[in-house]
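J.: with the sequence up front, the predicted model follows.
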Amino acid sequence: MQKALIIKKNEILYLIGYFLMGLSAVVIANSYLFGASRFQICEVVQYISAVFFLSSFCIVKHKILDFAKLLLTGATIFISAVFMHNIAFALYGLSIVTATHIDTHKIVKSSVINNALFLTMVIVPAMLGFIPDDIYYHGNMKAHCLGFAYYSNIPYIVLMETIVGYYLTRSKRQEILFLILSFPVHILVYKICTVRLVLYVYILFLILILMLNFIKRKHYKFLGRVATFLYPVTGALVIVASFKYKDFAILSVINLMINYRLQFNLQGFERYGVTLFGQKIENTQGYIDENFVNHYFFIDCGYVYMLIGYGLILFIIIMLIYTLLSRYAVKTYDIKLMSWCFTICVFSIINNIMFNTALNPLLIIGIKLLMSNYSGYKKRLTSSIKERADG
């Protein structure tokens, strides 16, 4: 007999805010569904979302120490948001700080449901001709946007739907069926949108799952060491490679393979440098001037964008939380959480996904783990995992 779904008042308020945040980030700001006024509409929806997040937080009693921790975290995020002039960033931070009394399983499930709905809301009108389907030509390939502002939007969303959806599967049979069905979906998305790097990350995700399922638990001690250094070492390697890619042939090849991301990383460091609390990064869409120089500039790499845009303090905090999550996943033998953490580590080399809680609610799980002094939350999350497996 299945348990009745119980949703508390503060959870209802939070999940409404979470839906509106996703709607503003995924649909309104990044598609043609809301027309020429989409950015003004997006800002209004973001403020409404913030009201729901704050309301859900205020109607719950907080311990003084917990409140102080959240206040300090929120203040750090708010200061960075002010320096960045970025409402979406502030909203992501608010979704993290106000989630400490919300069931994370409901948030993760909402993420999958919301983003599936958002994809449908944009793709169907585009296929019916109600909104534009921009087409980009690169090489001999034709990439469709299907209503979104750029052809990489759909592959990114589908990849995160796959990773988070796999985390929600309840049995081995569901896991296998889910992964089998995901393969033709990703092939179809690649054929339509032609984003090969996302397809590579998806294949890596499948390989990780296979490897983690075959590794015996006695070898997890080594995985624990890997989890400890995974994010900081990857971030450090990306940053060093960005400064040295011109000096080494192999790094120049990698730069080409990942569509000049190392080059743009270096340009970002040269233009902005690194500050404690971050700064606004001015991205430039591609245009050719009278001297035939392409002025496209965009920092896709999550590690570099966070360090420059969010600031050194928040960058370190995010790295610590992801490291804590990765170690926790290994210690609890949670293959789904491990595959999620490890894949995001690699995906962040080509995309700024770590702080985007609308698509990737991993930081929300991480902040609850951190705020609950690890051990207490460990028992509750382990219990929740067992309940989902038995359900």
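T.: That came in fine, so what should we check first?
J.: for the nearest residue to Met306 once chain neighbours are set aside, give me the pLDDT.
T.: What sits nearest to Met306 in space, not counting adjacent residues and going by C-beta to C-beta, 6 or more residues apart in numbering, is Phe315, at 4.9 Å. For glycine as for every other residue, the C-beta is placed from the backbone atoms N, C-alpha and C. pLDDT for Phe315: 96.
J.: from the contact counts, what lies against the strand or helix carrying Leu65?
T.: In the assignment (DSSP states H and E), Leu65 maps to helix 64-84. With contacts taken as 3 or more C-beta pairs under 8 Å, 6 or more residues apart in numbering; DSSP states H and E, helix 64-84 sits against helix 87-97, helix 312-331, helix 362-371.
J.: could I get the ones you listed as JSON lines with distance to Gly129 and mean neighbour count?
T.: JSON lines is the format used below for the helices and strands packed on helix 64-84 (distance: least, C-beta to C-beta, whole Å; neighbours: other C-beta atoms under 10 Å):
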{"stretch": "helix 87-97", "distance to Gly129": "29", "mean neighbour count": "22"}
{"stretch": "helix 312-331", "distance to Gly129": "42", "mean neighbour count": "20"}
{"stretch": "helix 362-371", "distance to Gly129": "37", "mean neighbour count": "22"}
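J.: CA atoms of the helix holding Leu65 as PDB?
T.: This file holds the C-alpha atoms of helix 64-84, laid out as PDB (Å, rounded to 0.1, in the frame of the first residue of the first chain):
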ATOM      1  CA  ILE A  64      19.000  30.500  16.200                       C
ATOM      2  CA  LEU A  65      22.200  28.700  15.100                       C
ATOM      3  CA  ASP A  66      20.600  27.500  11.900                       C
ATOM      4  CA  PHE A  67      19.100  30.900  11.200                       C
ATOM      5  CA  ALA A  68      22.600  32.500  11.600                       C
ATOM      6  CA  LYS A  69      24.100  30.000   9.200                       C
ATOM      7  CA  LEU A  70      21.400  30.700   6.600                       C
ATOM      8  CA  LEU A  71      21.600  34.400   7.100                       C
ATOM      9  CA  LEU A  72      25.400  34.400   6.600                       C
ATOM     10  CA  THR A  73      25.000  32.200   3.400                       C
ATOM     11  CA  GLY A  74      22.200  34.300   2.100                       C
ATOM     12  CA  ALA A  75      24.200  37.500   2.800                       C
ATOM     13  CA  THR A  76      27.200  36.200   0.800                       C
ATOM     14  CA  ILE A  77      24.900  35.300  -2.100                       C
ATOM     15  CA  PHE A  78      23.100  38.600  -2.000                       C
ATOM     16  CA  ILE A  79      26.400  40.600  -2.000                       C
ATOM     17  CA  SER A  80      27.600  38.600  -5.000                       C
ATOM     18  CA  ALA A  81      24.200  39.200  -6.700                       C
ATOM     19  CA  VAL A  82      24.500  42.900  -6.200                       C
ATOM     20  CA  PHE A  83      28.000  43.000  -7.700                       C
ATOM     21  CA  MET A  84      26.800  40.800 -10.600                       C
END
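J.: if we can go back for a sec, my read: the residue nearest to Met306 touches Tyr305, true?
T.: No - here Phe315 lies out of contact with Tyr305, judged by C-beta atoms under 8 Å, at a distance of 9.7 Å.
J.: can you list the helices and strands packed on helix 64-84 in CSV and add distance to Phe178?
T.: Converted to CSV, the helices and strands packed on helix 64-84 look like this (distance: least, C-beta to C-beta, whole Å):
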stretch, distance to Phe178
helix 87-97, 26
helix 312-331, 19
helix 362-371, 18
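J.: weakest of the ones you listed by average pLDDT?
T.: Mean pLDDT, when computed for each of the helices and strands packed on helix 64-84, is lowest for helix 362-371, at a mean of 88.
J.: packing partners of it?
T.: helix 64-84, helix 87-97, helix 104-127, helix 312-331, helix 335-347, helix 375-390.
J.: if you set the cut-off to 7 Å instead, what comes out?
T.: Other helices and strands packing on helix 362-371, by 3 or more C-beta pairs under 7 Å, 6 or more residues apart in numbering; DSSP states H and E, are helix 87-97, helix 104-127, helix 312-331.
J.: possible to save those helices as CSV with distance to Ser31?
T.: Listed next are the helices and strands packed on helix 362-371 as CSV, based on distance: least, C-beta to C-beta, whole Å:
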stretch, distance to Ser31
helix 87-97, 15
helix 104-127, 5
helix 312-331, 27
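J.: for Lys9, find the nearest of those helices.
T.: helix 104-127 (13.4 Å; C-beta to C-beta).
J.: any chance you could list what contacts the very next helix or strand once past that closest one?
T.: Using DSSP H and E, the next helix or strand after helix 104-127 towards the C-terminus is strand 135-138. Strand 135-138 has contacts (C-beta atoms under 7 Å, 6 or more residues apart in numbering) with Lys142, Ala143, His144, Tyr151.
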